[in-house]
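Trainee: Got a sequence here, can you build the structure:
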Amino acid sequence: AIQQPLEKKDIKLSSEKASGLSVSIRTEDFRSLLKEFNSDLVAVILSRFSEIEKAIENNMPLAAIFLIGSTLEGVLSAVAQKYHSIFLMAKVAPKKSDKIIPLTSWTLGSLIDAGCEVGVIDKSAKSFSIAVRDFRNYIHPNEQVKQSFSPTIDAANMSYGVLGVAIKQIGEFCKSNPIM
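Mentor: This is a model prediction of the structure:
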């Protein structure tokens, strides 16, 4: 896979045209987190950030929210794989027939819950990440109709901010808990 270089400036969504808001993720936080993943995953994550930016710039909040939620899931899943021993010991680890299911089958909700329990993200990040997960679940049209939900660009920007906080906290956790 082709790995895109990470520029020294902050990753910033140019969403001011659509909403008057601007959200950025500190490159330092993102860069420290990317060191934890293989180059293929890094390329996918960087590509998703580009797509999130385009979705917000073009006033496509639902697309941005889907991408933000799936990116959050991908980052949490990668961290859970790297720190599998502590994730698998979490009290909230999902089970089937009294056996913990494989990490690759965990849902975003399970990853958020376990990530908070083991200290990868804090309670605030957990609460807001759950909201992002709920928004992301509007990928199912019937659910969107049932809830009469129509996201705004502001909701997409808020969701992006949650992703930024989660990335910052996950990066800090990885830096404080290196695996050799």
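Trainee: shaky segments in the protein?
Mentor: The model of the chain has pLDDT under 70 over residues 1-33, 35, 180.
Trainee: Please repeat the previous calculation with a cut-off of 50.
Mentor: 1-23 (pLDDT under 50).
Trainee: pull the longest helix from this protein.
Mentor: Counting residues, the longest helix found in the chain (DSSP state H) is helix 153-176.
Trainee: contacting residues around the most centrally placed residue in the chain?
Mentor: In the chain, the C-alpha nearest the mean C-alpha coordinate belongs to residue 72, at 1.4 Å (C-alpha atoms, centre = their mean). Going by C-beta atoms under 8 Å, 6 or more residues apart in numbering, residue 72 touches 108, 129, 132, 133, 162, 163, 166. In short, each C-beta sits where N, CA and C put it, glycine included.
Trainee: Give me the angle between the helix or strand encompassing residue 78 and helix 153-176.
Mentor: Assigned by DSSP states H and E, residue 78 belongs to helix 61-82. Taking axes from the mean of the first three to the mean of the last three C-alpha atoms, to 10 degrees, helix 61-82 and helix 153-176 form an angle of 10 degrees between their directions.
Trainee: so how far is helix 61-82 off the chain centroid?
Mentor: Centre-to-centre, helix 61-82 and its host chain are 4 Å apart (C-alpha atoms, centre = their mean, to the nearest Å).
Trainee: coming back round to it: buried sites along the longest helix of the chain?
Mentor: By neighbour count on 16 or more other C-beta atoms under 10 Å, the buried set for helix 153-176 is 153, 155-174.
Trainee: now stretch 103-123
Mentor: In terms of neighbour count (16+ other C-beta under 10 Å), stretch 103-123 has its buried residues at 103, 106, 108-118, 120-121.
Trainee: what about the strands in this protein?
Mentor: Secondary structure of the chain, counting by DSSP state E: strands at 11-13, 23-25, 95-96, 99-100.
Trainee: Tell me which strands the third one pairs with, and in which orientation.
Mentor: For strand 95-96, the paired strands and their directions (DSSP bridges) read strand 99-100 (antiparallel).
Trainee: Measure how far the partner strand is from the centre of its chain, please.
Mentor: 25 Å.
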